[in-house]
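Trainee: Pasting the sequence and the predicted coordinates here, then a few questions.
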Amino acid sequence: MRWWVNFILSIVLIVLIIPTLIIKGFSSDKAESESAAFGDDERGDDISITRQVRVPDVAMYDHTTKKLVRLALEDYVVGAVAAEMPASFELEALKAQAVAARTLAMKKMRAFGGRGCDKHPQADVCSMFNHCQAWISEQQMKNNWKDRYQANYEKIKKAVEETQGYIITYRDEPIEVFYHSTSNGKTADVSEVFSVSLPYYAVVNSPGEEDSPRYRQTFTFSNDEFVRIFKKSYPSSNLSVSNLASQIKIKSYTESGRVREVVVGGITVKGTEFRLLYGLNSTDFKFRFEKNKVKIDTVGFGHGVGMSQVGANHMAKQGYTYVDILKHYYKGIEVKKYR
Ligand SMILES: [Zn+2]
């Protein structure tokens, strides 16, 4: 063989084969370390709490300061629970919220193979409630709670500490977490709202929410306003102010009784899109047509998928634990300690 043939073969070996081996080596290491990360010790028979583990920090984009900050995971969870659930809720509900918030963050963290926040490239999560997950600083807690600050902070801290490291898993992987404020008495399946199907989501009953302030709410629009809002997004619609009632019809409902599709001025719109368009509390809505006015009555607050926070609080008042609450709203899951 000529020397240059050997030379070219050596180059090919260096350029193509060696990096392939290195990359393969890294990715299989990562897969092993990930699968080893979730132990078998379900809540209740945990005997390895004293083991010291360095959990990577969370890189969070803070919408208030417009800065990227790094936080210890458990400190991040305190701020997320404080922002996402009223501190007046029962301790077990706050614990369920802490586990859900921790799971959401870990699922997104790049250190655990997550994709991070897709709006802020450097961040694992952002602090926007309708994007990743709401989060507030201790200063914001002080501003919000004033003389209740110390008591509220200690209660939330306790909920986080008593669930330290625990996350929701399905087949040993952290789940894709969705939760919401108030249901309409039933939760929505994830496929009703998002274009995904996940085995741990289903329609489940969520009783005891009727007294919540956001359970029923009415949104009122003048006929002109209603038409203007619709035509802004659907300019080709033939919707007109006169005889509005005859031009609006709910076409179909989801399994959980929320609006799947509504026809407005000849155009079929998804319930989820209609909700966003008119800033409604939920997709469980009905129309009332009055002289020059459209009234839209909603039941529940939020998308309806996964744990209802108000429902969780009701369960906690009935004596259920945070694990009971999570297992009610997420099917076939385990609550396991990350270590
Ligand atoms: Zn985000």
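Mentor: In hand now; what should we look at?

Trainee: Quickly check: stretch 127-141 near the ion or not.
Mentor: Yes. If you take Cβ under 5 Å from the ion as the test, stretch 127-141 does meet the ion, through His131, Cys132. C-beta coordinates here come from the backbone N, C-alpha and C atoms, glycine included.

Trainee: what about dumping the CA coordinates of that stretch to CSV?
Mentor: Written as CSV, here are the backbone C-alpha positions of stretch 127-141 (Å, rounded to 0.1, in the frame of the first residue of the first chain):
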residue,chain,number,x,y,z
SER,A,127,-40.5,33.0,35.6
MET,A,128,-43.6,33.7,33.3
PHE,A,129,-46.7,31.9,34.6
ASN,A,130,-48.0,31.2,31.1
HIS,A,131,-44.7,30.0,29.7
CYS,A,132,-42.6,27.9,32.1
GLN,A,133,-43.7,28.5,35.6
ALA,A,134,-44.3,31.6,37.8
TRP,A,135,-41.6,32.4,40.4
ILE,A,136,-41.2,35.4,42.8
SER,A,137,-38.2,36.6,44.9
GLU,A,138,-38.3,37.0,48.6
GLN,A,139,-38.6,40.8,48.1
GLN,A,140,-41.7,40.2,45.9
MET,A,141,-43.1,37.9,48.6
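
Trainee: how about that stretch: buried residues?
Mentor: Applying a neighbour-count criterion of 16 or more other Cβ atoms under 10 Å, the buried positions in stretch 127-141 are Ser127, Met128, Cys132, Gln133, Ala134, Trp135, Ile136, Ser137, Gln140, Met141.

Trainee: Need those residues in CSV (columns: pLDDT and distance to Met106).
Mentor: Formatted as CSV, these follow (pLDDT from 0 to 100; distance: Cβ to Cβ, whole Å):
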residue, pLDDT, distance to Met106
Ser127, 98, 17
Met128, 95, 19
Cys132, 97, 12
Gln133, 97, 12
Ala134, 98, 17
Trp135, 98, 15
Ile136, 98, 20
Ser137, 98, 21
Gln140, 98, 23
Met141, 98, 23
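
Trainee: Just flag the most distant two among the residues you listed.
Mentor: Among the buried residues of stretch 127-141, the pair separated by the greatest distance (Cβ to Cβ) is Cys132 and Met141, at 19.0 Å.

Trainee: Ser282 and Val305 touch, don't they?
Mentor: No. Judged on Cβ atoms under 8 Å, Ser282 makes no contact with Val305 at a distance of 11.3 Å.

Trainee: follow-up on the earlier one: for the buried residues of stretch 127-141, give me a markdown table that also has secondary structure.
Mentor: A markdown table is the format used below for these (DSSP: H, G, I helix; E, B strand; the rest coil):
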| residue | secondary structure |
| --- | --- |
| Ser127 | coil |
| Met128 | coil |
| Cys132 | coil |
| Gln133 | coil |
| Ala134 | coil |
| Trp135 | coil |
| Ile136 | coil |
| Ser137 | coil |
| Gln140 | helix |
| Met141 | helix |
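
Trainee: Nearest to Thr268 among those residues?
Mentor: Using Cβ to Cβ, the buried residues of stretch 127-141 come closest to Thr268 at Met128, 30.0 Å.

Trainee: so what's that closest one up against?
Mentor: Residues near Met128 by Cβ atoms under 8 Å, 6 or more residues apart in numbering: His63, Lys119, Ala134.

Trainee: repeat that for 10 Å
Mentor: Residues in contact with Met128, defined by Cβ atoms under 10 Å, 6 or more residues apart in numbering, are Tyr61, Asp62, His63, Cys117, Lys119, His120, Ala134, Trp135.
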